[in-house]
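[1] Can you look at this prediction? I've put the sequence above it.
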Amino acid sequence: MKRLPLVLTASLLAAVACPAFSGDSQPAQDGNLSYSGNFLTLKEGRNYVQLTTDGRQRVFVAAVWPDGWMGLHGSDQIERVDGQPIRWVGQFVSQLKDQAGPVTLTVYHHDIAMRVYEKREVQLARADYAKFIPASGAN
C-alpha cells in the first residue's frame, strides 16, 4: 500500500477533525466563527474557510469554499502576516488582532499531484481579516 504524503494526510485529518470541533467544545464561537487554538472555521453564507495547524507547526487551509474565497485555496500554507512568521492558528489570530490596517499574508500553495509549490502574497482589508478575530479573544 502506498503511503500518503504528510501534507495530504494532515489535510484529510483536518477536514475530518474540524467538524468534530465545531460544537460547544470550542472556547470561542462568534456567530459564524468557531475557534480553538489550532482550529478556526469561518462561515459566511455558503462560503467557508477552515484553518488548522499541522504536526510541523504550520498554518494551512484545510478547506475553503468556493476555492479562492478571501484569496485562499485548499492546501495553502499561511507562512507570514505582514512579514512576521506564524506557526499556529492562535498566533495567526493574535497577529491579526494587532493590525490596524490592511495586511499582507505570505502564502505557499502545494499541489502534490502537479508538483507545484508556489509563493504568493494575499492582501486583506481590515473588514475581511477582522472576520477571523473572535470577539471573546480566546486563544
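    Cool, the structure landed.
[2] Contact partners for the spatially most central residue of the chain?
    Closest to where the C-alpha atoms of the chain average out (C-alpha atoms, centre = their mean) is residue 51, at 2.6 Å. Neighbour list for residue 51: 39, 40, 41, 59, 60, 61, 62, 78, 89, 92, 132 [criterion: C-beta atoms under 8 Å, 6 or more residues apart in numbering]. For every residue, glycine as well, the C-beta is placed using N, CA and C.
[3] Direction included, what does the helix or strand containing it pair against?
    In this assignment (DSSP states H and E), residue 51 forms part of strand 47-53. Paired neighbours of strand 47-53 in the sheet (DSSP bridges): strand 39-44 (antiparallel), strand 59-65 (antiparallel).
[4] Quick check: which of the ones you listed is nearest to residue 109?
    Nearest of the strands paired with strand 47-53 to residue 109, taken as C-beta to C-beta: strand 59-65 at 9.2 Å.
[5] which of the residues in the helix or strand following that closest one are buried?
    For strand 59-65, the succeeding helix or strand toward the C-terminus, using DSSP H and E, is strand 76-81. Neighbour-count burial for strand 76-81, counted by 16 or more other C-beta atoms under 10 Å, picks out 76, 77, 78, 79, 80, 81.
[6] if we look at strand 76-81, which residues are touching it?
    51, 58-61, 64, 72, 85-86, 92, 95-96, 99, 103-110.
[7] partner strands of it, parallel or antiparallel?
    Sheet partners by DSSP bridges: for strand 76-81, these are strand 59-65 (antiparallel), strand 84-85 (antiparallel), strand 103-111 (antiparallel).
[8] The helix or strand following the longest one packs against which elements?
    This means strand 103-111. Next along the chain after strand 103-111, taking DSSP H and E as the criterion, comes strand 116-124. Contact here means 3 or more C-beta pairs under 8 Å, 6 or more residues apart in numbering; DSSP states H and E; on that basis strand 116-124 packs against strand 103-111.
[9] pLDDT averaged over the strand it packs on - what is it?
    Averaged over strand 103-111, pLDDT sits at 90.
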